[in-house]
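K.L.:
need coordinates for the following:
(2 chains)
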There are 2 protein chains.
Amino acid sequence: MFDYIDLMTKLSVANDKKIVLIVMDGLGGCELEQGGKTELAAANTPNLDELAKGGVCGLSDPIAPGFTPGSGPAHLSLFGYDPIRYEIGRGILAASGIGFELERTDVAARGNFATIGDGGEVTDRRAGRISTEKNAELCELLGGIEIDGVKIFVKPVKDHRCVAVFRGEGLGGDVADSDPQFVGKKPLKLAARSAGSEKTAEIANKFIEVVFDRLKGLQPANGMLMRGFDGFPSIPKMADVTKMNPGCIAVYPDYKGIARIIGMQVYEAGETVADEVECLKENFADHDFFYLHVKKTDSYGEDGNFDAKVHVIEELDAALPGIVGLKPDVIMVTGDHSTPALLKSHSWHPVPVLLNSDVCRRDAETRFDELACVSGGLGRVPSVSLMPLMMSNAAKLLKFGA
Amino acid sequence: MFDYIDLMTKLSVANDKKIVLIVMDGLGGCELEQGGKTELAAANTPNLDELAKGGVCGLSDPIAPGFTPGSGPAHLSLFGYDPIRYEIGRGILAASGIGFELERTDVAARGNFATIGDGGEVTDRRAGRISTEKNAELCELLGGIEIDGVKIFVKPVKDHRCVAVFRGEGLGGDVADSDPQFVGKKPLKLAARSAGSEKTAEIANKFIEVVFDRLKGLQPANGMLMRGFDGFPSIPKMADVTKMNPGCIAVYPDYKGIARIIGMQVYEAGETVADEVECLKENFADHDFFYLHVKKTDSYGEDGNFDAKVHVIEELDAALPGIVGLKPDVIMVTGDHSTPALLKSHSWHPVPVLLNSDVCRRDAETRFDELACVSGGLGRVPSVSLMPLMMSNAAKLLKFGA
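P.N.:
Model (predicted):
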């Protein structure tokens, strides 16, 4: 679609300038009714507005106008990777997210502990959302499984969700899910969707048998559903593309996972936005690019909780002086996608972007919200353009051609 | 990336309507400090503003948002050619620029007359920037060289810069530079960078021996460094793509060079903007497309001379009634890229565009500058879209599909 990875790889140069990219997940919103304000417009954000005054605003499309992205592609786009060309499977994302050290030949899948009825049918796809602690116990119980030379590592993620990593030779990642999606149906037999993944499907079916055997009689988690099989993605490291040394400050596993896959150094950033800013301060000397991720704008958007989302935006705004005070050369504030409380889901609406640097060519906007972004100097750009934009503002991209 | 050449070739039709494209090189600028104005905004431009009032404005990206283009790719983009697909080497550009009639099998390289010390090391990469006259004398001295059936033409460009054209059979253009880039180092042996260019490297090394021999004992120019080897680009003629008969009015060699490569008729346009407008008037009857290039906006931008760049913009503005008075059907005023005095270099900032025709769908802007262009009716478009836009405004593109 817009694939600038090769061009960036060719033109990037290292220097000492520092970039901070602040991603408020699902930042973009909608007014609840005609005449109302979006979450970002409703928020009281004196510090973001000050940054907008000295910067340039616009709107970005993670995929293309009209398409709603998942978190994975939306983040890849922010980091400059064409999300159509580069795909990261959910299993790989989950394994990376919990800090599992993947090897390039591994295949990973997400597992859900589930309740299975006497007739073999699924009676609860989430096993009553067991606790993460219970989940960890079950994963212990599933330790040390090896089938036909393939080792399988089962690790807890959160609640009823775990991840299974298959390590061995000749494993393809193109295997369909076993999750039948509906209660009352039996789990599906795992099947390769293309040549080269037959061995994975065969091993995984044997693995499932062992799992069901070991969980037999336990309640409510006496079975496992699998989905999101994938091999390690063939994706260049961010350091190779950009010549930058990137650091990730995020709280939630999936975002750490994406960051790890493209080779960022991932920090344990605590729990709150204030913790994250503290982590940024502590490690500011060690990187020239920081990705700082704020999760709860998205979570509250998904919950349909307009006011709580507004509050998280204000929380980031309050923490902003701590970031600006570090004097990075380039600050960008944006979202990975929109998650309007109105829709209780990710959406296709373009995402507000704010770029601040001494050489950004300022526009006339004095406020950071969707409406100001419509008339901002950046216009409407694909999200994959944001990485070259940040880099050029930091003099990290040479000119193309003479 | 955005390749519309095939589509334009298919849809273009000839008619009598006339288009004038005025390119102020490096037009786009930046404010020097927060609250300040860009060069274009600071300039007093009553005639451009009048044209904006009756036209439509916007911003364009020569490559893509965030990427800084060189002059070659930036111009190709303005003429509708995807600058990633079509590349023109510097040697070819230089040879075309001085009006050398290239054949499609030629290989050209830039030469710098240089001073070489007793130990064979470079002591001055520019031979004290000898005069163009001295350069011409030296090129005379290097006339008539033929090696293994390959004829080499050495022609002066400007100051210490010349061009060497290799004419013969089986010559590839992929040869690395001999310029070691630093004084104190010896010139590098010329080497093919890919299969098919070995013969060129071999001939060029023998050529260099002859050159050093003929220049022996001369001061300061007793040697030559070579760079920018390339073969003639495989690029369709503008007349074939657009069915137009294009004329070029430019003062600097490189821009005439690009124009010649895509088959424009190139005029000797004098020195000043007023000379160029005079040249346009004289030849207005003979073409339906004119490319009029103003160089010094870029030169002063590169010098960091904000006020002088403003002055050149005002000079063009003063000359504008002479162009408007010819009543072309479509006038576009833009730059090939931005060169803010703030940065003293080409930049990634999108380029202001003004399009005036009776059918352009006017916007509300009454002023031509970057800020007005942000809210202009064209929005932010790739520069390769400007040629189809001009052509459609002149009814020179048929509709696509029924």
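
K.L.:
hmm, who's touching stretch A:252-266?
P.N.:
Residues outside stretch A:252-266 that contact it (CB atoms under 8 Å, 6 or more residues apart in numbering or on different chains): A:25, A:71-72, A:75-76, A:79, A:81, A:88, A:92-99, A:157-158, A:233, A:235-240, A:245-248, A:250, A:286-287, A:291, A:293, A:295. Glycine gets a C-beta too; all of them are placed from N, C-alpha and C.

K.L.:
what's the separation between A:Lys189 and B:Ile63?
P.N.:
Going from A:Lys189 to B:Ile63 by CB to CB, to the nearest Å gives 50 Å.

K.L.:
of the contacts of stretch A:252-266, buried ones?
P.N.:
Buried subset of these (neighbour count, 16 or more other CB atoms under 10 Å in any protein chain shown): A:25, A:71-72, A:75-76, A:79, A:81, A:88, A:92-98, A:157, A:233, A:235-236, A:238-239, A:246-248, A:250, A:287, A:291, A:293, A:295.

K.L.:
among the residues you listed, which are located in helices?
P.N.:
A:Ser71, A:Gly72, A:His75, A:Leu76, A:Ile92, A:Leu93, A:Ala94, A:Ala95, A:Ser96, A:Gly97, A:Met238, A:Ala239 (DSSP state H).

K.L.:
kindly reformat those as a markdown table containing pLDDT.
P.N.:
Formatted as a markdown table, these follow (pLDDT from 0 to 100):
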| residue | pLDDT |
| --- | --- |
| A:Ser71 | 90 |
| A:Gly72 | 91 |
| A:His75 | 97 |
| A:Leu76 | 96 |
| A:Ile92 | 93 |
| A:Leu93 | 88 |
| A:Ala94 | 89 |
| A:Ala95 | 93 |
| A:Ser96 | 90 |
| A:Gly97 | 85 |
| A:Met238 | 98 |
| A:Ala239 | 98 |
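
K.L.:
so which of those is the closest to chain B?
P.N.:
The nearest member of those to chain B, counting by CB to the nearest CB, is A:Met238 at 15.7 Å.

K.L.:
can you name the residues that contact the closest one?
P.N.:
A:Phe79, A:Gly80, A:Met244, A:Pro246, A:Ile262, A:Gly263, A:Met264, A:Phe289.

K.L.:
got the residues you listed as a markdown table, with pLDDT columns?
P.N.:
Shown next, in a markdown table, are these (pLDDT from 0 to 100):
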| residue | pLDDT |
| --- | --- |
| A:Phe79 | 98 |
| A:Gly80 | 97 |
| A:Met244 | 98 |
| A:Pro246 | 98 |
| A:Ile262 | 95 |
| A:Gly263 | 94 |
| A:Met264 | 96 |
| A:Phe289 | 98 |
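
K.L.:
so what's A:Phe113 closest to, chain neighbours aside?
P.N.:
Spatially, and ignoring its direct neighbours in sequence, A:Phe113 is nearest to A:Ala221 (3.9 Å; CB to CB, 6 or more residues apart in numbering or on different chains).

K.L.:
show the pLDDT at the one you found.
P.N.:
We note a pLDDT of 95 for A:Ala221 in this prediction.

K.L.:
isn't A:Lys222 up against A:Ile116?
P.N.:
That one is not Lys; residue A:222 is Asn. Yes - between A:Asn222 and A:Ile116 there is a contact under CB atoms under 8 Å: 5.5 Å.

K.L.:
who touches both of those two?
P.N.:
A:Phe212.

K.L.:
where in chain A is pLDDT low?
P.N.:
Applying pLDDT under 70 to chain A flags the ranges A:1.

K.L.:
how much space separates the residue of the stretch 51-200 of chain A found nearest chain B from A:Ala318?
P.N.:
Proximity of the stretch 51-200 of chain A to chain B (CB to the nearest CB) peaks at A:Gly54, 5.4 Å away. Distance from A:Gly54 to A:Ala318, counting by CB to CB: 19 Å.

K.L.:
state the helix or strand in which A:Glu282 lies.
P.N.:
helix A:273-283 (DSSP states H and E).

K.L.:
give the other helices and strands that that helix contacts.
P.N.:
strand A:246-250, strand A:265-268, strand A:289-294, helix A:306-324 (3 or more CB pairs under 8 Å, 6 or more residues apart in numbering or on different chains; DSSP states H and E).
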